[in-house]
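J.: no sequence on this one, just coordinates:
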């Protein structure tokens, strides 16, 4: 089949790889000049387990707060109708624990296994590290996180609830002065450089059944005939199938086809800094549960990621959020990163649906497939989602359940 993919972020690149592996002729349309230039550019880097990653699934120990210095979401520019509607749906999902948490966790595990297989087969070095600590500042945080831990246990995820002494043995760089009630140790967790993996995979697929068309914006999806119309051209590029993998742009392309997704761009930040002193830096990744901030070792750099705001793409960087990232780093790993030079600050959108889960599978429109809305879990879920979509297009039953990830829930 001739298949078009819209979007060359981590979701689009992995989907192209899996479809090409099945023998399809694939064209990827991307409005930027390279792969992984938008939401996949400088992510937190966390892979499975997914459920304990910041902003993974609503309703697991983190209350919705809209006001004050510890607000869950910063409302930059005020509360308009679209933001209020999305927040109301997100709050309802939080209260009802309606997110398909177990499905997402199993998909993340499946995705991690698929990613490791791809990396091994093609010898891709993407600055991977193994192991994670979820740091708990208080006993109250330990209580709040229990529902998420139960889901992980039910999904067969290896985890240990440990005290502060054991946590500091696992991550010797942790400050001895930081208040630490305990931690959750996830020995099989992993992390890595999302953008680097996407670019390496893109280079490997170029010329092997995948054609990347950069600097090209798709203006419209055609259902009769199936295809895409790109900016500046009157004719439709015809394909046997189209897969939307373009985050917020996916949602914008759907209404003319009678489809709507309640997707919001929830922006987060990351700071990537050169390693200063290895013994004072994390060996792998840690998550500050109360701050919803992650600190991850990526090769010779440390990446701190967190924050959430509903604002425009061109909004100025929020100084207080960035200061919170720096402060959290210094709380746990003082002196571990060089912050005076060579620092990269990034603000990027999480294309997030109210229940925190993506849409993976058929759209309801013949020839149009969806693999979008992964929110903070794009990197963690990419390889598994891609393989599942490829299986569905080939009319095969995916190896992993997609219950709760379809369009019908909206």
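T.: Arrived safely. Because the structure is predicted, anything quoted here is derived from the model rather than measured.
J.: Which parts of the stretch 301-410 of the chain are strands?
T.: Per DSSP state E, counting those that start in this stretch, the stretch 301-410 of the chain carries strands over the ranges 301-310, 344-352, 359-362, 368-372.
J.: again but with the stretch 1-150 of the chain, I slipped
T.: Ranges of strands within the stretch 1-150 of the chain are 2-6, 25-29, 74-75, 129-136, based on DSSP E, counting those that start in this stretch.
J.: Name the spans of the stretch 201-350 of the chain whose pLDDT lies under the cut-off.
T.: Along the stretch 201-350 of the chain, the model assigns pLDDT under 70 to no residue.
J.: where do the helices sit along it?
T.: Counting by DSSP state H, counting those that start in this stretch, one finds helices in the stretch 201-350 of the chain at the ranges 248-253, 319-332.
J.: Count the neighbours of the spatially closest residue to residue 261 that is not a sequence neighbour for me.
T.: Leaving aside its sequence neighbours, residue 261 sits nearest to residue 251 (Cβ to Cβ, 6 or more residues apart in numbering; 4.6 Å). No exception for glycine: its C-beta is placed from N, CA and C like everyone else's. Neighbour count for residue 251, taken as other Cβ atoms under 10 Å: 22.
J.: Kindly report the same for residue 346.
T.: Residue 346: 15 neighbours (other Cβ under 10 Å).
J.: one step back: tell me how far the residue nearest to residue 261 lies from residue 353.
T.: Going from residue 251 to residue 353 by Cβ to Cβ, to the nearest Å gives 9 Å.
J.: I'd like the strands of the stretch 1-150 of the chain laid out as a markdown table, including mean neighbour count and distance to residue 19.
T.: Shown next, in a markdown table, are the strands of the stretch 1-150 of the chain (neighbours: other Cβ atoms under 10 Å; distance: least, Cβ to Cβ, whole Å):
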| stretch | mean neighbour count | distance to residue 19 |
| --- | --- | --- |
| strand 2-6 | 24 | 6 |
| strand 25-29 | 22 | 5 |
| strand 74-75 | 17 | 38 |
| strand 129-136 | 24 | 29 |
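J.: Lowest average confidence across these, which one?
T.: Among the strands of the stretch 1-150 of the chain, strand 74-75 has the lowest mean pLDDT, at a mean of 82.
J.: Output the contacting helices and strands for it.
T.: On a contact count with 3 or more Cβ pairs under 8 Å, 6 or more residues apart in numbering; DSSP states H and E, strand 74-75 meets strand 301-310.
J.: Buried ones in the strand it packs on, by neighbour count?
T.: Residues of strand 301-310 classed as buried: 301, 302, 303, 304, 305, 306, 307, 308, 309, 310 (neighbour count, 16 or more other Cβ atoms under 10 Å).
J.: can you check stretch 345-355 too?
T.: 347, 348, 349, 350, 351, 352, 353, 354, 355.
J.: For the last one, grab phi and psi.
T.: Translated: residue 355. Note on residue 355: its backbone torsions stand at phi -90, psi 10 [degrees, to the nearest 10].
J.: where's it relative to residue 209, distance?
T.: From residue 355 to residue 209 the distance is 34 Å (Cβ to Cβ).
J.: ditto for residue 168
T.: Look at residue 168 and residue 209: by Cβ to Cβ, they are 49 Å apart.
J.: again, but for residue 380
T.: Counting by Cβ to Cβ, the gap from residue 380 to residue 209 is 26 Å.
J.: So between the two, which is more surrounded?
T.: Comparing residue 380 with residue 209 by other Cβ under 10 Å, the one with more neighbours is residue 380, at 33 against 17.
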